[in-house]
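J.: Here is my input, please return the structure:
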Amino acid sequence: MSNSLVIIPTYNEKENIAALISSIFSQAVSFDILIVDDNSPDGTGEIVKELQEGYPDRIHLLQRSGKLGLGTAYIAGFHYALERNYDYIFEMDADFSHNPDDLVRLYQACTQEGNDLAIGSRYVTGVNVVNWPINRVLVSYFASVYVQIITGMPIKDATAGFKCYRKNVLETIMRNKIRFVGYAFQIEMKFTAWKYGFELKEVPIIFTDRTRGQSKMSSKIFWEAFTGVVRMKIRSFFRKYHRDTPAQN
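T.: Model (predicted):
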(Lines give C-alpha, C1' and ligand atoms only; values in the text may rest on other atoms or scores of the structure.)
Protein backbone atom coordinates (compact mmCIF):
# COMPACT_ATOMS: atom_id res chain seq x y z
CA MET A 1 0.00 0.00 0.00
CA SER A 2 1.28 3.45 -0.94
CA ASN A 3 1.03 6.45 1.39
CA SER A 4 -0.57 8.40 -1.49
CA LEU A 5 -3.99 8.07 -3.08
CA VAL A 6 -5.02 9.64 -6.40
CA ILE A 7 -8.79 10.25 -6.55
CA ILE A 8 -10.26 10.31 -10.06
CA PRO A 9 -13.98 10.96 -10.58
CA THR A 10 -15.33 9.40 -13.78
CA TYR A 11 -18.39 9.56 -15.96
CA ASN A 12 -18.10 8.01 -19.42
CA GLU A 13 -14.31 7.84 -19.51
CA LYS A 14 -13.81 4.38 -21.05
CA GLU A 15 -11.55 5.87 -23.73
CA ASN A 16 -9.11 7.24 -21.16
CA ILE A 17 -9.22 5.30 -17.92
CA ALA A 18 -7.02 2.28 -18.67
CA ALA A 19 -4.25 4.38 -20.22
CA LEU A 20 -4.43 6.88 -17.35
CA ILE A 21 -4.11 4.19 -14.70
CA SER A 22 -1.16 2.66 -16.55
CA SER A 23 0.57 6.06 -16.76
CA ILE A 24 0.09 6.73 -13.05
CA PHE A 25 1.55 3.35 -12.16
CA SER A 26 4.61 4.08 -14.31
CA GLN A 27 5.67 7.06 -12.18
CA ALA A 28 8.79 7.03 -10.01
CA VAL A 29 6.61 7.53 -6.91
CA SER A 30 4.15 4.81 -5.92
CA PHE A 31 0.50 5.92 -6.01
CA ASP A 32 -2.68 4.03 -5.21
CA ILE A 33 -5.75 5.00 -7.25
CA LEU A 34 -9.40 5.47 -6.30
CA ILE A 35 -11.91 5.73 -9.13
CA VAL A 36 -15.22 7.32 -8.11
CA ASP A 37 -17.54 6.35 -10.95
CA ASP A 38 -21.03 7.82 -11.27
CA ASN A 39 -22.60 4.76 -12.92
CA SER A 40 -21.08 5.51 -16.33
CA PRO A 41 -23.33 4.14 -19.09
CA ASP A 42 -20.28 3.47 -21.28
CA GLY A 43 -18.92 0.84 -18.88
CA THR A 44 -16.04 2.77 -17.32
CA GLY A 45 -16.67 1.02 -14.01
CA GLU A 46 -16.49 -2.42 -15.62
CA ILE A 47 -13.12 -1.57 -17.15
CA VAL A 48 -11.83 -0.55 -13.73
CA LYS A 49 -13.09 -3.81 -12.21
CA GLU A 50 -11.15 -5.76 -14.82
CA LEU A 51 -8.00 -3.78 -14.09
CA GLN A 52 -8.46 -4.37 -10.35
CA GLU A 53 -7.84 -8.07 -10.90
CA GLY A 54 -4.21 -7.30 -11.69
CA TYR A 55 -3.80 -4.66 -8.94
CA PRO A 56 -6.23 -5.62 -6.15
CA ASP A 57 -4.43 -3.54 -3.50
CA ARG A 58 -3.67 -0.50 -5.64
CA ILE A 59 -6.83 0.17 -7.67
CA HIS A 60 -9.94 1.01 -5.65
CA LEU A 61 -13.44 1.68 -6.96
CA LEU A 62 -16.45 3.49 -5.56
CA GLN A 63 -19.51 3.14 -7.77
CA ARG A 64 -22.37 5.56 -7.20
CA SER A 65 -25.95 5.50 -8.42
CA GLY A 66 -25.63 8.32 -10.96
CA LYS A 67 -24.24 11.80 -11.65
CA LEU A 68 -24.10 13.35 -8.18
CA GLY A 69 -21.62 16.16 -8.80
CA LEU A 70 -17.86 16.59 -8.87
CA GLY A 71 -17.67 17.92 -5.33
CA THR A 72 -19.57 15.02 -3.80
CA ALA A 73 -17.36 12.57 -5.72
CA TYR A 74 -14.25 14.10 -4.21
CA ILE A 75 -15.79 14.30 -0.73
CA ALA A 76 -16.61 10.58 -0.92
CA GLY A 77 -13.03 10.00 -2.01
CA PHE A 78 -11.64 12.11 0.82
CA HIS A 79 -13.57 10.11 3.41
CA TYR A 80 -12.30 6.90 1.81
CA ALA A 81 -8.70 8.15 1.96
CA LEU A 82 -8.90 9.36 5.56
CA GLU A 83 -10.52 6.14 6.75
CA ARG A 84 -7.53 4.27 5.29
CA ASN A 85 -4.99 6.71 6.68
CA TYR A 86 -3.36 7.89 3.45
CA ASP A 87 -0.86 10.70 4.10
CA TYR A 88 -1.18 12.44 0.71
CA ILE A 89 -4.42 12.68 -1.22
CA PHE A 90 -4.61 13.88 -4.82
CA GLU A 91 -7.37 15.21 -7.07
CA MET A 92 -7.03 14.53 -10.78
CA ASP A 93 -9.19 14.58 -13.91
CA ALA A 94 -9.67 11.40 -15.93
CA ASP A 95 -9.20 12.91 -19.39
CA PHE A 96 -5.41 13.51 -19.51
CA SER A 97 -5.86 17.28 -19.23
CA HIS A 98 -3.71 16.76 -16.14
CA ASN A 99 -0.40 15.14 -17.04
CA PRO A 100 0.30 12.13 -14.77
CA ASP A 101 4.00 13.06 -14.85
CA ASP A 102 3.14 16.14 -12.76
CA LEU A 103 1.88 13.99 -9.86
CA VAL A 104 5.47 13.59 -8.71
CA ARG A 105 6.06 17.34 -8.71
CA LEU A 106 2.93 17.93 -6.62
CA TYR A 107 4.00 15.15 -4.26
CA GLN A 108 7.46 16.67 -3.86
CA ALA A 109 6.00 20.13 -3.20
CA CYS A 110 4.41 18.65 -0.08
CA THR A 111 6.91 15.99 0.98
CA GLN A 112 10.15 17.84 0.26
CA GLU A 113 9.18 21.51 0.39
CA GLY A 114 6.84 21.27 3.40
CA ASN A 115 3.68 22.66 1.79
CA ASP A 116 0.26 21.52 2.96
CA LEU A 117 -1.57 21.88 -0.36
CA ALA A 118 0.14 21.78 -3.75
CA ILE A 119 -1.89 23.10 -6.69
CA GLY A 120 -1.21 22.28 -10.31
CA SER A 121 -1.52 25.80 -11.69
CA ARG A 122 -2.24 26.86 -15.26
CA TYR A 123 -1.65 30.56 -14.57
CA VAL A 124 1.15 30.98 -12.02
CA THR A 125 3.76 31.47 -14.79
CA GLY A 126 1.51 32.94 -17.48
CA VAL A 127 -1.23 31.09 -19.36
CA ASN A 128 -0.26 27.45 -19.87
CA VAL A 129 -3.30 25.98 -21.61
CA VAL A 130 -3.28 23.91 -24.81
CA ASN A 131 -6.19 23.31 -27.21
CA TRP A 132 -8.75 25.51 -25.46
CA PRO A 133 -10.61 28.11 -27.54
CA ILE A 134 -9.60 31.64 -26.60
CA ASN A 135 -13.00 32.46 -25.09
CA ARG A 136 -12.71 29.57 -22.63
CA VAL A 137 -9.16 30.55 -21.70
CA LEU A 138 -10.31 34.11 -21.00
CA VAL A 139 -13.29 32.96 -18.93
CA SER A 140 -11.13 30.62 -16.85
CA TYR A 141 -8.30 33.13 -16.37
CA PHE A 142 -10.51 36.04 -15.38
CA ALA A 143 -12.58 33.80 -13.13
CA SER A 144 -9.43 33.29 -11.07
CA VAL A 145 -8.72 37.04 -11.13
CA TYR A 146 -12.28 37.61 -9.91
CA VAL A 147 -11.80 35.10 -7.07
CA GLN A 148 -8.56 36.82 -6.03
CA ILE A 149 -10.27 40.21 -5.90
CA ILE A 150 -13.29 39.00 -3.91
CA THR A 151 -11.52 36.69 -1.47
CA GLY A 152 -8.01 38.13 -1.19
CA MET A 153 -6.63 34.62 -1.63
CA PRO A 154 -3.16 34.81 -3.28
CA ILE A 155 -3.77 31.99 -5.76
CA LYS A 156 -3.49 32.53 -9.52
CA ASP A 157 -5.49 29.44 -10.52
CA ALA A 158 -8.40 29.35 -8.07
CA THR A 159 -10.43 26.83 -10.09
CA ALA A 160 -7.61 24.31 -10.59
CA GLY A 161 -8.62 20.70 -10.04
CA PHE A 162 -5.17 19.06 -9.92
CA LYS A 163 -4.00 19.05 -6.31
CA CYS A 164 -2.15 17.24 -3.55
CA TYR A 165 -3.34 17.59 0.06
CA ARG A 166 -1.59 16.57 3.20
CA LYS A 167 -3.90 14.43 5.28
CA ASN A 168 -4.25 17.00 8.07
CA VAL A 169 -5.63 19.60 5.63
CA LEU A 170 -8.55 17.37 4.72
CA GLU A 171 -9.04 16.28 8.34
CA THR A 172 -9.45 19.95 9.24
CA ILE A 173 -11.61 21.02 6.30
CA MET A 174 -13.91 18.00 6.48
CA ARG A 175 -15.05 18.97 9.97
CA ASN A 176 -17.15 21.61 8.24
CA LYS A 177 -19.81 21.29 5.56
CA ILE A 178 -18.53 21.85 2.03
CA ARG A 179 -21.39 23.66 0.32
CA PHE A 180 -20.55 23.56 -3.37
CA VAL A 181 -20.60 20.53 -5.65
CA GLY A 182 -19.54 21.90 -9.05
CA TYR A 183 -16.83 24.25 -10.31
CA ALA A 184 -17.03 26.28 -7.09
CA PHE A 185 -16.03 23.23 -5.04
CA GLN A 186 -12.43 23.71 -6.16
CA ILE A 187 -12.49 27.35 -5.07
CA GLU A 188 -14.06 26.57 -1.71
CA MET A 189 -11.49 23.90 -0.85
CA LYS A 190 -8.55 26.23 -1.56
CA PHE A 191 -10.18 29.17 0.21
CA THR A 192 -10.95 27.13 3.32
CA ALA A 193 -7.42 25.68 3.47
CA TRP A 194 -6.00 29.19 3.12
CA LYS A 195 -8.26 30.58 5.84
CA TYR A 196 -7.10 27.86 8.20
CA GLY A 197 -3.54 29.02 7.65
CA PHE A 198 -2.20 26.07 5.70
CA GLU A 199 0.74 26.56 3.33
CA LEU A 200 -0.43 26.59 -0.31
CA LYS A 201 1.99 26.27 -3.22
CA GLU A 202 1.18 26.66 -6.92
CA VAL A 203 3.19 24.29 -9.08
CA PRO A 204 3.24 25.32 -12.77
CA ILE A 205 1.74 22.77 -15.15
CA ILE A 206 0.67 22.69 -18.78
CA PHE A 207 -3.05 21.94 -19.05
CA THR A 208 -4.06 20.15 -22.25
CA ASP A 209 -7.73 19.90 -23.18
CA ARG A 210 -9.10 16.40 -23.60
CA THR A 211 -8.69 14.72 -26.98
CA ARG A 212 -11.12 11.87 -26.27
CA GLY A 213 -14.52 11.87 -24.58
CA GLN A 214 -16.75 14.83 -23.78
CA SER A 215 -16.28 17.76 -21.43
CA LYS A 216 -18.56 17.94 -18.37
CA MET A 217 -18.41 21.75 -18.12
CA SER A 218 -21.70 23.68 -18.31
CA SER A 219 -22.93 27.25 -17.85
CA LYS A 220 -24.79 26.17 -14.70
CA ILE A 221 -21.55 24.95 -13.12
CA PHE A 222 -19.77 28.18 -14.01
CA TRP A 223 -22.62 30.35 -12.69
CA GLU A 224 -22.53 28.51 -9.36
CA ALA A 225 -18.88 29.46 -9.05
CA PHE A 226 -19.42 33.09 -10.05
CA THR A 227 -22.20 33.76 -7.55
CA GLY A 228 -20.95 31.38 -4.89
CA VAL A 229 -17.67 33.20 -4.32
CA VAL A 230 -19.42 36.23 -2.84
CA ARG A 231 -21.57 34.05 -0.57
CA MET A 232 -18.50 32.10 0.51
CA LYS A 233 -16.61 35.29 1.38
CA ILE A 234 -19.51 36.68 3.38
CA ARG A 235 -19.90 33.45 5.35
CA SER A 236 -16.20 33.54 6.21
CA PHE A 237 -16.74 36.72 8.26
CA PHE A 238 -18.89 34.70 10.66
CA ARG A 239 -16.61 31.68 11.02
CA LYS A 240 -13.61 31.06 13.22
CA TYR A 241 -10.75 29.15 11.65
CA HIS A 242 -8.85 27.20 14.28
CA ARG A 243 -6.91 24.02 13.74
CA ASP A 244 -4.64 21.63 15.54
CA THR A 245 -0.91 21.83 14.92
CA PRO A 246 -0.36 19.73 11.80
CA ALA A 247 1.67 16.59 12.00
CA GLN A 248 4.59 16.59 9.57
CA ASN A 249 4.91 13.49 7.41
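J.: got the end-to-end distance for stretch 21-34?
T.: Criterion CA to CA, to the nearest Å; first-to-last residue distance in stretch 21-34 is 10 Å.
J.: Can you give me the buried ones in that stretch?
T.: Buried residues in stretch 21-34, defined by neighbour count with 16 or more other CB atoms under 10 Å: Ile21, Ile24, Phe25, Val29, Phe31, Asp32, Ile33, Leu34. Bear in mind the C-beta positions are built from the backbone N, C-alpha and C, glycine included.
J.: Check stretch 143-156 too.
T.: Residues of stretch 143-156 classed as buried by neighbour count (16+ other CB under 10 Å): Ala143, Ser144, Val147, Ile150, Thr151, Met153, Ile155, Lys156.
J.: Show residues contacting that stretch.
T.: The contact list for stretch 143-156 (CB atoms under 8 Å, 6 or more residues apart in numbering) reads 119, 121, 123-124, 157-159, 187, 190-191, 194, 200, 202, 222, 225-226, 229-230, 232-233.
J.: returning to that earlier point: format the buried residues of stretch 21-34 as TSV; extra columns: distance to Glu53 and secondary structure.
T.: As requested, those are arranged in TSV below (distance: CB to CB, whole Å; DSSP: H, G, I helix; E, B strand; the rest coil):
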residue	distance to Glu53	secondary structure
Ile21	13	helix
Ile24	17	helix
Phe25	14	helix
Val29	24	coil
Phe31	19	coil
Asp32	16	strand
Ile33	14	strand
Leu34	17	strand
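J.: still on that earlier bit, what's the farthest-apart pair in the buried residues of stretch 143-156?
T.: Pairwise distances across the buried residues of stretch 143-156 (CB to CB) peak at 14.6 Å, for the pair Ile150 and Lys156.
J.: State the distance from Asn99 to Thr208.
T.: 7 Å (CB to CB, to the nearest Å).
J.: likewise Ile155?
T.: Distance from Ile155 to Thr208, by CB to CB: 21 Å.
J.: do Glu199 as well
T.: Distance, Glu199 to Thr208, using CB to CB: 28 Å.
J.: do Val104 as well
T.: Counting by CB to CB - Val104 and Thr208 are separated by 18 Å.
J.: How far away from the center of its chain is stretch 66-84?
T.: Here stretch 66-84 is found 11 Å from its chain centre; the criterion is CA atoms, centre = their mean, to the nearest Å.
J.: How about stretch 169-186?
T.: Distance, stretch centre to chain centre, for stretch 169-186: 11 Å (CA atoms, centre = their mean).
J.: Same check on stretch 157-168?
T.: Worked out by CA atoms, centre = their mean, stretch 157-168 lies 5 Å from the chain centre.
J.: how long is it end to end?
T.: 22 Å.
J.: List the contacts of the residue positioned nearest the centre of the chain.
T.: Nearest to the mean C-alpha position of the chain, counting by CA atoms, centre = their mean, stands Glu91 at 3.0 Å. Taking CB under 8 Å, 6+ apart as the criterion, Glu91 is in contact with Ile7, Tyr74, Gly161, Phe162, Lys163, Tyr165.
J.: and if you look at Ala94?
T.: Contacts of Ala94 (CB under 8 Å, 6+ apart): Ile8, Pro9, Thr10, Glu13, Asn16, Ile17, Leu20.
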